[in-house]
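Enquirer: Need coordinates for the below:
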Amino acid sequence: MPNNPKRILNTVLFFAMIALVFLAGLMMTPPGRSYDNAVFNEVFDELHRNHVSQPSEETLWRGAIDGMIASLEDPYTYYNDETDYLRWLERQGEDFVGIGVTIQNVDERVVIVGVFPDSPALEGGLMAGDVITHIDGVDYRQKSYLETITALAGEEGSEVTIGYERQGVFYETPPLTRRRIDNPSVTSETIKDNIHIIHIHSFGTDTADVFKDHLESLETLGIDGLIIDVRDNGGGLLSTLEKILDEFLGDDAPFFQSERWRNNEATLTQSKLNPSDPKPYPIAILINQHSASASEVFAAAMHELGDYPLIGTQTFGKGTQQVMFELRSIRNHFLNLTNGRWLTGSGIWIEDSDPAGIAPTIEVAQNPLFTTPLLYVSADQRFSFDTVHDAVARMQVLLNMLGYDVRTDGYFDAATQTALEAFQTDAGITASGELDAETASALSQALIDYRNDPENDTQLQAAIAHLEAIIHGDD
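Expert: Take a look at the predicted model:
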């Protein structure tokens, strides 16, 4: 059939129109979603020039950095400007200004992992495991980790009130006065006869030398048995840890393995210790759920290479490694970067355990009174006969601790009033039979004294009993 010129022309025009529509669509369609510098710069400029809040360039740059880090969902990677870094560096020494707590970001919550001796935090009743929720009455649960630790910091002599959650219950401290905190990374004492204990509170820059001094002093006195306590130790420097382990272990096997990422490639390395002779006395290690990071490396190495017992409860379970390095592009700014994970000498990654962490070889739960909150009653509060309140229940727990047999459900009955009057008389307080600020303070001090008595530390007593059995040759 002969071709129809008109039909051919119409067909050509139709396909030409389709092509034009297609090309127009390409011109109207945004380019592919490739996030590059151009996209970032465009968004940055729009926000800087046109957002109603008129943010500064510094605010936007810091927000961009914080946003990148937040996208990792890694609480251990964070950015430090010069002020943040100097504050971090100060805490690695043997004193600093603050309320006396060590904290970590755990599941988007700011958790206290250690409280320093003779600190405002200890006097205010804060303990390892408490979750900081409020600072000076402001709710910080939805704020960033950096915002929270910045609010905790302050000038020497300034006051701060901490709201915290313990085992699902909310409490608040009295005003705490920030002061210079002695930050002894190591303390020691004689517990019984020639059984001594060395507490390692953190693995800081001077800890290895301080530890060696304590150990040598105790060895001069004579050691029949040694307890090394890393409970509530949130970790620290690997180089420090290695020097301390060198005092006890000299096995040819690795004490630690490190899988680190560099230029998108992972490298596994093994670390070994210098040869050393084993100590001539038995050693036990105390651990708990707040022993984290470097203290977990310490516990694992002491058990795997030295066969020393681990006494207490399952450790925290932090199996990642961080490095803090100075940025080349801006002076005195640092990035604390999670760049690897660590494994025990035998190749165990503790975060892969169920539950995470290092299990004790001798499991011993702590005395529950060691986690009982201190009792705080404000100056305008008084509780008396026939009232019901949480403060009354906590008072009753403390009265029972002191040997008074009363109920603990929070109802202020006649027996509670009689016991309270007896306590007030014994404490030299006016026997009003009412719970007021002065009485609450005296009961809290009684709880502090109770915890300071080694006889009441269930885990410590288990370690002493274990060493005594070895010393005396018991089966």
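
Enquirer: And the helices in the chain?
Expert: For the chain, applying DSSP state H gives helices covering 5-28, 37-50, 57-71, 82-91, 120-123, 145-152, 207-221, 238-245, 294-306, 390-401, 414-426, 437-452, 458-471.

Enquirer: Please report how far residue 344 lies from residue 363.
Expert: Plainly put, residue 344 is 19 Å away from residue 363 if you go by CB to CB, to the nearest Å. (Glycine included, C-beta is placed from N, CA and C.)

Enquirer: Check the helices of the chain for me and report the most buried one.
Expert: Counting by mean count of other CB atoms under 10 Å, helix 294-306 has the highest mean neighbour count of these, with a mean of 25.

Enquirer: neighbour count winner among residue 344 and residue 363?
Expert: Neighbour comparison, residue 344 and residue 363: the larger count goes to residue 344, with 22 against 13 (by other CB atoms under 10 Å).

Enquirer: quick one: the closest residue to residue 316 other than its chain neighbours and residue 458, what's the gap?
Expert: Setting aside the residues directly before and after it, residue 316 is nearest to residue 292 in space (CB to CB, 6 or more residues apart in numbering), at 3.7 Å. Taking CB to CB as the measure, residue 292 falls 21 Å from residue 458.

Enquirer: what's the weakest-modelled helix or strand in this structure?
Expert: helix 5-28 (a mean of 48; mean pLDDT, DSSP states H and E).

Enquirer: re the thing from before, the residue nearest to residue 316 - how many residues pack around it?
Expert: Residues lying near residue 292 (other CB under 10 Å) number 24.

Enquirer: That one contacts residue 111, correct?
Expert: No: here residue 292 does not reach residue 111: they are 10.2 Å apart, not a contact under CB atoms under 8 Å.

Enquirer: which residues sit in contact with the residue nearest to residue 316?
Expert: 104, 113, 233-235, 315-318 (CB atoms under 8 Å, 6 or more residues apart in numbering).

Enquirer: Just to be careful, could you list which of the residues you listed are in strands?
Expert: Counting by DSSP state E, the contacts of residue 292 place 104, 113 in strands.

Enquirer: if we take the contacts of residue 292, which one ends up nearest to residue 465?
Expert: residue 315 (21.5 Å; CB to CB).

Enquirer: got the domain boundaries for this protein?
Expert: As recorded under automatic domain parsing, the domains making up the chain are 41-71, 95-181, 184-366, 370-454.

Enquirer: okay if I get those as a markdown table plus mean pLDDT and distance to residue 80?
Expert: As requested, the domains of the chain are exported to a markdown table (pLDDT from 0 to 100; distance: least, CB to CB, whole Å):
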| stretch | mean pLDDT | distance to residue 80 |
| --- | --- | --- |
| domain 41-71 | 92 | 11 |
| domain 95-181 | 87 | 9 |
| domain 184-366 | 93 | 4 |
| domain 370-454 | 94 | 32 |
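
Enquirer: Go through those domains and name the closest to residue 85.
Expert: Nearest of the domains of the chain (CB to CB): domain 184-366, 5.0 Å.

Enquirer: Skipping adjacent residues, who's closest to residue 409 in space?
Expert: Counting by CB to CB, 6+ apart, the residue nearest residue 409 is residue 393, at 6.3 Å.

Enquirer: That neighbour contacts residue 410, doesn't it?
Expert: Yes: the criterion here is CB under 8 Å, and residue 393 meets it with residue 410 at 3.5 Å.

Enquirer: residues contacting residue 297?
Expert: Shown in contact with residue 297 (CB under 8 Å, 6+ apart): 238, 241, 255-256, 342, 344.

Enquirer: Now flag whichever of those is closest to residue 402.
Expert: Of those, the one sitting nearest to residue 402 (CB to CB) turns out to be residue 241, at 40.8 Å.

Enquirer: Residue 318 is in contact with residue 235, correct?
Expert: Yes: using CB under 8 Å, residue 235 is in contact with residue 318, at 7.0 Å.

Enquirer: Looking at the two, which one has more neighbours?
Expert: Between residue 235 and residue 318, counted using other CB under 10 Å, the more crowded position is residue 318 (27 against 24).

Enquirer: Return the distance of that one relative to residue 70.
Expert: From residue 318 to residue 70 the distance is 19 Å (CB to CB).

Enquirer: how about the helices of the chain, which one is nearest residue 170?
Expert: That would be helix 390-401 among those, by CB to CB, at 9.8 Å.

Enquirer: before we move on, back to that, in TSV: the contacts of residue 297, plus distance to residue 376.
Expert: TSV is the format used below for the contacts of residue 297 (distance: CB to CB, whole Å):
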residue	distance to residue 376
238	39
241	37
255	44
256	43
342	40
344	42
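
Enquirer: In JSON lines, list the domains of the chain along with distance to residue 466.
Expert: Formatted as JSON lines, these follow (distance: least, CB to CB, whole Å):
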{"stretch": "domain 41-71", "distance to residue 466": "44"}
{"stretch": "domain 95-181", "distance to residue 466": "23"}
{"stretch": "domain 184-366", "distance to residue 466": "6"}
{"stretch": "domain 370-454", "distance to residue 466": "15"}
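
Enquirer: Looking at these, which is nearest to residue 469?
Expert: domain 184-366 (9.3 Å).

Enquirer: doesn't residue 340 make contact with residue 261?
Expert: Yes: between residue 261 and residue 340 there is a contact under CB under 8 Å: 5.9 Å.

Enquirer: Stretch 130-146 spans what distance, first to last residue?
Expert: This stretch, stretch 130-146, spans 18 Å end to end (CA to CA, to the nearest Å).
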